[in-house]
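S.K.: how would this look folded up:
(2 chains)
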Amino acid sequence: MSTDSKKLANKTVERDGIAVHAVDICRCYGEGDTAVNALCGVSLDVPTGHLTAVMGPSGSGKSTLMHILAGLDMPTSGSVSIAGTEITNLSDSELTRLRRKHVGFIFQFFNLLPMLTAEENILLPLEVGGREVDRDWLDEITNKVGLANRRKHRPAELSGGEQQRVAIARALVLRPTVMFADEPTGNLDSRTGGEILDLLHEMVTTYGQTTVMVTHDARAASIADRILFLADGLIEREMPRSDPSAVLAAMNELSR
Amino acid sequence: MTRVALRGLLGRKLRSALTAMAIVLGVAMISGTYVLTDTINSSFNNLFKEVYKGTDAVVSARSTVKNPNGFPPSFQQSLLAKVQSVKDVRIASGGVENFVSIVGRNGKIVVNGGAPNLGFSVDPKASQFNTLTLVSGSWPGTNEVVIDQSTADKGGYKAGDMVGVLGNGPVRKMRLSGIVKFGQSNGILGATLAGFDLATAQTVLGEQGKLGYIQVAARPGVSPTKLVGSLRAALPNNMDIKTAAAQVKQQSSDTAAGISIFRNFLLAFAGIALFVGIFVIVNSLSITIAQRTREFATLRTLGASRTQVLTSIVVEALVVGAIASVVGLFLGLGLGYGLMRLFARLGLELPSNAMAVETRTIIVSLLVGIVVTLIASIRPALRATRVPPIAAVREGAALPPSRFHSYRIAGSIGVTTLGFGSLLYGLFASGLSIKQLLIFIGAGVLFIFVGVALVSARFVKPLATAVSPIGTIAIAGLSLIVWPLSITFWAIRHLFGNRTEFPGFLPDRTMNRLALENAIRGKQRTAATAASMMIGLALVTLVAVFAASLTSSFRGAVDSIVTGNYAITAVNNYSPIPVSAAQAAAKAPGVEAIASVRTDYAKVFGKRTPVTAIDGKATPVIRLNWKKGSDSVLDSLGQRGAIVSDSYASSHDLRLHSQIKLITPAGRQLTFSVVGIFKPPAGGSPFGVVTFSAKTFDSAFQHPMNLYTLAKMRGGETTANSKALERALAAFPNAKSQTRGQFIDNQISALNPALTILYVLLAFSLIISFFGIVNTLVLTVFERTRELGMLRAIGMTQRQARRMIRHEGVITTLIGAALGIALGLIFGYLLVSRVQTLSFALPTLQLVIFAIIAVILGIVAAVFPARRAAKLNVLEALQYE
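M.R.: Here you go, the predicted model:
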């Protein structure tokens, strides 16, 4: 564990604007001789109102990091708190309730339910959590993601880009403390991917939506306020907002 | 390719095992049936061999009509001297036998299940004919009895005690001179044995001066055949003379015929179970193959031919079928053994020879299991062959639609119509033999099941939408019932640090909605899974409708016919009782009128026909609806008057004063004149086909016995009257008096054992469809792994996941219940309409119970798949492709 990276992470934001706070997290898979450390000793804070991108080559541990920060996985050691709640000793149902309130997700493969309409998919997190629908908010985000006249369509009748827009609205519908996007453009062509990135960026600027995006696409990372580079389970480097070529250069340096 | 298939099988152990359960249970029913009936058969064979082991020939009276209890008519004892004087005869011994019961110390008759209570004469001097051996005491003298060991144990007797013996008359007290064994075993098939000397046996059975049979041994050097020849020459030709071997063969084949009916009955239910099994297998194979589309496509791109794909699937099915059949075969042997142990517990001990496992049992079981699996695998396998290689690289590849897709709806309606046609033809066409009738009905019902199963896929949406709220309410209700238990478990878990959610019973609307959408989305599989359940429930409903109709019709019939307020029947509700019981009851204080109905069989118009006779003044206790004549006819039948039902009259062209010729079992001819024609109510006639006076009956039929007695007591149904009748019947422990209401209830409850057997046999089909539901749900969870992962990520708790799967299970079983109950009601209605003596009745309570059982089956079937869904690793689920 490099003390440098810990210092680096802690320096950037004030304590009171922190959505997710992780200290010295390790994640080990397997046991004994065959144990693999996916993460070892990562500390970071996710600042509110910012878009944080996590980059790294495959196997760098970036997905594992995101899963732990989102409360989907538990670190082998270290501590994580989401919206001020320490998650490492929560039961499954307590954790689920925490996610309902504070965490939104966007997936690479959209993961919409095929038998529900676009609007029903958007409302799903509220339905599952048994919460009231804020109609004004629903209308606003539906318009914002550009699905105003596609509400009654089923996923099979929507293009890939439209499906990902539904997914974004779904993640935003409960106004989560933090939204996680896992390779949101990974399954889209570059033009549609660009539109989705613009939309994500807009959500951060318009609503101050705290967002963590995992990607290996330099262009995607370039919309972030801060870019973390992961390699071999460690945060190797951090960059402020940079253009795609700078990100690419940093990536290449990393893999060298 | 075969190796690929077998590897695949190992990779899908759970699915294969669940699929195999269908075959295992079906085959187990087949092998269990064979081993059970074979063992019973061979036990009887050995029994008969044992009985006649020292005998060369048997002489008995020829019977015109086969008596239901199997005893031939008796004949004059003087014939024995004639037999003994035949020169080929070394020794001959005559005896009598019939039903004789032993009264235990508790005043009740010793009886083992439905096994008979036998009484007979023993001749210790003719030792080669004697199959009994003394365990203790001595052979019986005048007014003494010997009984078998297990009856003595059950009755609480030892040699020297005084024992109550019940033959054709009131109980007689006799000294128990000794205790015997039959051959080497303590008892024979549960029958109780009572042995007497000849004169005492004749008195007990009311056969003074008569014999039932003569056993003959030949002089040395005389063959049994020659002995029979010389006996025939010496005896009148109404005597039946057989070699012992022929007698054994005759009796064995008589019992074998009865057992073969029993066997076919059980095999029919095994067939139903396997039919349900085919549904289950086709469905789970179809789902599995749809999920493996990409795998087949990849194999095709690697150069596998269609035939190879087909072969790999069929080989896989064959292996599953073969393993399942072997397991089923052994399970069936175990089942047969278990049943025999159970019979032994109930006192129906089979002789100590081993289980009869015939080669046929093994071959048929394995063959049927494998062939059924093969048949079930062909359609899904053919579909898999039509997966194009390009599907390997296409996203979201699906199976191409079946070739018959466009004909599907028309075809399935056609099959259903054909089924109903066949069913109606079988039920209502005249002049069909029983066999043809059963074939038409059976084929019709099978076609209807297949047709409805195919059609129902079209109606999954409305069906699922309709049953979903019912499921919601039922689950909430059931959860509420077990709530205290859930809270206890929750508290215990909490104590051990397992912080699960507090149990609730309120429905989760969102999860139920998702479950409903899922059921509709996979409509093909929902329909097919529900259909397997439908079959079992339709048949169970049919049984319930039939029973309810029978019960209500019977109740209606008694209400309209019986005007007496008390009835006397056998304790078991159906056995004939001695005439003297009714005579004793007639003397009870308070009896205003009493009438009994005798019963036997006779040959009428060349056919074996049940006949009855009326003893006493019937008009105060029985009222009939007359087409010709009036109630007063019942009291004035005289020597030669007879009454018949209107349907019998019209089918035999009988009018008032028509002549009816009747031949008794012993060969006596009687001629009657029709003096009344009555219309029996829907619940059936209280009489046999031809009814005449008891005076004529008693003079022409041997062993007159009453089927029931009806009485009118002063003051109606009172405790005092009940007591008075009970006291009057004290000497007849096999008879019981009951009020009119109790009589109806007792007669109806006599149906219960038969109903229980039917329900148990049909339960096998339901269990098979249960495994089908488990399998479908497991496959569903597997298929929706990624969706489940997403839902978990956005906030679905483990409990919500479980509820969603559970609700889907309940929707499936409720669709099955809805279809099954509807079909069962239709079948039941048609069947009841076919039987003239029945009117349709709705078994409301049973139907509600069946629906609840369906819900419970759905909940239980979902337990394991729901747990899998809940315990799904969210991360793996999200990365799952």
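S.K.: check which helix or strand covers residue B:43.
M.R.: Taking DSSP states H and E as the definition, residue B:43 sits inside helix B:13-51.
S.K.: Quick one: mean pLDDT for that helix?
M.R.: Confidence for helix B:13-51, expressed as mean pLDDT, is 89.
S.K.: Now do that helix: which elements does it pack against?
M.R.: Judged by 3 or more Cβ pairs under 8 Å, 6 or more residues apart in numbering or on different chains; DSSP states H and E, the packing partners of helix B:13-51 are helix B:244-291, helix B:306-345, helix B:359-385, helix B:752-783. For glycine as for every other residue, the C-beta is placed from the backbone atoms N, C-alpha and C.
S.K.: now the next helix or strand after that helix and helix B:13-51, what's the angle there?
M.R.: Toward the C-terminus, helix B:13-51 is succeeded by strand B:57-61 as the next helix or strand (DSSP H and E). For strand B:57-61 against helix B:13-51, the angle by axes from the mean of the first three to the mean of the last three Cα atoms, to 10 degrees is 90 degrees.
S.K.: The residue lying closest to residue A:96 once chain neighbours are set aside and residue B:874: what is the separation?
M.R.: Excluding the flanking residues, the one nearest residue A:96 by Cβ to Cβ, 6 or more residues apart in numbering or on different chains is residue B:797, at 4.6 Å. Distance, residue B:797 to residue B:874, by Cβ to Cβ, to the nearest Å: 12 Å.
S.K.: which residue does the stretch 651-800 of chain B bring closest to chain A?
M.R.: Nearest residue of the stretch 651-800 of chain B to chain A, counting by Cβ to the nearest Cβ: residue B:795, 3.4 Å away.
S.K.: ok, that residue touching residue A:129?
M.R.: Yes: if you go by Cβ atoms under 8 Å, residue B:795 and residue A:129 touch, sitting 5.0 Å apart.
S.K.: Give the residue from those two that has the larger number of neighbours.
M.R.: Per other Cβ atoms under 10 Å in any protein chain shown, whichever of residue B:795 and residue A:129 has more neighbours is residue B:795, with 26 against 19.
S.K.: Would you agree the more buried one falls within a strand?
M.R.: No: applying DSSP: H, G, I helix; E, B strand; the rest coil, one finds residue B:795 to be coil, outside a strand.
S.K.: Kindly provide the distance from it to residue A:103.
M.R.: With distances taken as Cβ to Cβ, residue B:795 is found 8 Å from residue A:103.
S.K.: try residue B:238
M.R.: Distance from residue B:238 to residue A:103, by Cβ to Cβ: 99 Å.
S.K.: Compare the two (neighbour count), which wins?
M.R.: Neighbour count, other Cβ under 10 Å: between residue B:238 and residue A:103, residue A:103 has more, with 28 against 13.
S.K.: Report the separation between the more buried one and residue A:50.
M.R.: Residue A:103 sits 16 Å away from residue A:50, going by Cβ to Cβ.
S.K.: do the helix or strand harbouring residue B:554 and chain A meet at all?
M.R.: Secondary structure from DSSP H and E places residue B:554 in helix B:523-561. No: using Cβ under 8 Å from any Cβ of the partner chain, helix B:523-561 stays clear of chain A, coming no nearer than 11.0 Å.
S.K.: ok, then the element right after that helix?
M.R.: Note on helix B:523-561: by DSSP H and E, the next helix or strand toward the C-terminus is strand B:566-570.
S.K.: gap between the helix or strand following that next one and the chain center?
M.R.: Using DSSP H and E, the helix or strand that directly follows strand B:566-570 along the chain is strand B:577-578. Offset of strand B:577-578 from its chain centre (Cα atoms, centre = their mean, to the nearest Å): 28 Å.
S.K.: If you count contacts, what does strand B:577-578 end up packed against?
M.R.: With contacts defined as 3+ Cβ pairs under 8 Å, 6+ apart, strand B:577-578 has these neighbours: strand B:566-570, strand B:705-713.
S.K.: how near is residue B:824 to chain A?
M.R.: Using Cβ to the nearest Cβ, to the nearest Å, we find residue B:824 at a distance of 32 Å from chain A.
S.K.: For that residue, pull up the helix or strand it's in.
M.R.: Of the helices and strands defined by DSSP H and E, residue B:824 is found in helix B:798-834.
S.K.: any idea where the helices of chain A begin and end?
M.R.: Using DSSP state H, the helices of chain A run over A:3-11, A:62-69, A:92-102, A:118-129, A:135-144, A:160-172, A:190-207, A:218-221, A:244-255.
S.K.: what would those look like in a markdown table with distance to residue B:602 and mean pLDDT?
M.R.: As requested, the helices of chain A are arranged in a markdown table below (distance: least, Cβ to Cβ, whole Å; pLDDT from 0 to 100):
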| stretch | distance to residue B:602 | mean pLDDT |
| --- | --- | --- |
| helix A:3-11 | 106 | 36 |
| helix A:62-69 | 88 | 89 |
| helix A:92-102 | 78 | 88 |
| helix A:118-129 | 77 | 91 |
| helix A:135-144 | 87 | 93 |
| helix A:160-172 | 84 | 93 |
| helix A:190-207 | 93 | 92 |
| helix A:218-221 | 99 | 90 |
| helix A:244-255 | 105 | 85 |
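S.K.: Using TSV, please lay out those helices together with distance to residue B:363.
M.R.: Output for the helices of chain A, formatted as TSV (distance: least, Cβ to Cβ, whole Å):
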stretch	distance to residue B:363
helix A:3-11	74
helix A:62-69	58
helix A:92-102	53
helix A:118-129	56
helix A:135-144	68
helix A:160-172	58
helix A:190-207	65
helix A:218-221	68
helix A:244-255	68
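S.K.: Go through the ones you listed and name the closest to residue B:325.
M.R.: helix A:92-102 (42.9 Å; Cβ to Cβ).
S.K.: which other helices and strands contact that closest one?
M.R.: Going by 3+ Cβ pairs under 8 Å, 6+ apart, helix A:92-102 lies up against helix A:118-129, helix B:798-834.
S.K.: relative orientation of the following helix or strand past the last one and helix B:523-561 in degrees?
M.R.: Of the helices and strands lying after helix B:798-834 in sequence (DSSP H and E), the nearest is helix B:844-871. Orientation of helix B:844-871 against helix B:523-561 (the same axes, to 10 degrees) gives an angle of 160 degrees.
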